[in-house]
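Engineer: give me the fold of what follows.
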Amino acid sequence: MKLKKIMALMVMSACSIGLIYGINRFVTREYIPKGTKEAIAAKINTLNDIEEKSEKKTTDQPVLPTGKLSDWNLILVGPSHQLETEQVETLTTLDNGMMLDHRVLDPYSQMTIAAQEVGLDLMLVSAYRSISYQEQIFNENVNNLVLQGETQEAAEKTVKETSTQPGYSEHHTGLALDIVDQNWSNNYIDNILSVEYAETDGGKWLATHAREYGFILRYPKDKQAITEITFEPWHYRYVGVEHAKYIEEHQLTLEEYLDLLKEK
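Structural biologist: A predicted model of the protein is given here:
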């Protein structure tokens with residue numbers, strides 16, 4: 001009798017377990033409509049992809065150096081940006097009689113020493129120019145073209161492509177310099193500031209290494225629409241090492257870089 005009761009209890013337990021299993025199976029699996037599990041899995045995968053892409057974008061996005069548009073080394077002067085006042089009190093005179101902003105002297109000296117170590121003697125062709133001197137140069141260039149038969153208007157337009165009006169030249173800041181190497185100067189004295197300089201050893205060295213000392217190629221090739229000045233492989237401008245490296249590595253002009261700083 002006891003054996004029968006035990007057997008009955010075992011059967012009932014087995015049935016209960018089976019019933020519970022069946023209910024769980026129904027609730028957790030068969031109750032979910034067909035295709036829903038696949039849709040949920042696809043949604044989860046999509047969300048994971050979005051999160052991964054978002055994290056990658058954040059990681060890959062280059063970080064802008066710290067700087068403000070009002071910083072002395074980021075001043076913008078050009079055909080559409082007139083210099084408000086000349087800061088002559090920051091100028092220092094070099095051994096050759098030219099002048100630079102005294103804060104640029106040490107980086108410039110370091111750059112010339114580095115160039116000498118690879119056999120290049122850098123030569124400064126032009127540095128600081130006063131507004132009055134720029135006016136003299138500008139007018140002389142215009143008058144030469146007028147004597148060759150161009151109208152005053154056409155001559156001024158031509159000169160503006162390679163030379164700026166008084167008050168609109170970077171050379172007024174003391175932060176810009178026209179620079180080549182001695183070998184180029186010795187062989188091309190009549191055409192010292194030429195686009196061909198970009199293909200020389202000196203031109204290539206400056207384009208690659210000037211940024212390490214805080215200088216940028218101010219008027220790059222194919223950027224005239226932005227800078228309003230044609231390609232000048234001899235014209236370099238001091239902005240500081242971090243800014244210079246960012247600008248050159250991302251192939252920007254100073255105008256484009258300052259626009260990025262505005263958005264920070």
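Engineer: do I have it right that residue 64 meets residue 261?
Structural biologist: Yes: between residue 64 and residue 261 a contact is recorded at 6.6 Å, counting by C-beta atoms under 8 Å. Placement of C-beta: from N, CA and C, glycine included.
Engineer: quick one, strands of the protein?
Structural biologist: The residue ranges that make up the strands of the chain, judged by DSSP state E, are 91-93, 99-101, 122-126, 176-181, 215-217, 235-238.
Engineer: how about those strands in JSON lines, adding mean neighbour count and mean pLDDT?
Structural biologist: Below are the strands of the chain laid out as JSON lines (neighbours: other C-beta atoms under 10 Å; pLDDT from 0 to 100):
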{"stretch": "strand 91-93", "mean neighbour count": "14", "mean pLDDT": "97"}
{"stretch": "strand 99-101", "mean neighbour count": "20", "mean pLDDT": "97"}
{"stretch": "strand 122-126", "mean neighbour count": "17", "mean pLDDT": "96"}
{"stretch": "strand 176-181", "mean neighbour count": "23", "mean pLDDT": "98"}
{"stretch": "strand 215-217", "mean neighbour count": "25", "mean pLDDT": "98"}
{"stretch": "strand 235-238", "mean neighbour count": "25", "mean pLDDT": "98"}
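Engineer: closest to residue 202 out of these?
Structural biologist: Ranking these by their distance to residue 202 (criterion: C-beta to C-beta) puts strand 176-181 first, at 3.3 Å.
Engineer: ok, that closest one: who's next to it in the sheet?
Structural biologist: Each strand that pairs with strand 176-181, with its direction, by DSSP bridges: strand 122-126 (antiparallel), strand 235-238 (antiparallel).
Engineer: closest to residue 83 out of those?
Structural biologist: Using C-beta to C-beta and comparing the strands paired with strand 176-181, the one that lies nearest residue 83 is strand 235-238, at 13.5 Å.
Engineer: send me the closest one as CSV with only the CA atoms.
Structural biologist: Only the C-alpha atoms of strand 235-238 are listed here, as CSV (Å, rounded to 0.1, in the frame of the first residue of the first chain):
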residue,chain,number,x,y,z
HIS,A,235,56.8,82.6,-47.7
TYR,A,236,56.6,81.3,-44.2
ARG,A,237,54.6,82.5,-41.2
TYR,A,238,55.1,81.9,-37.5
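Engineer: good, wrapping up.
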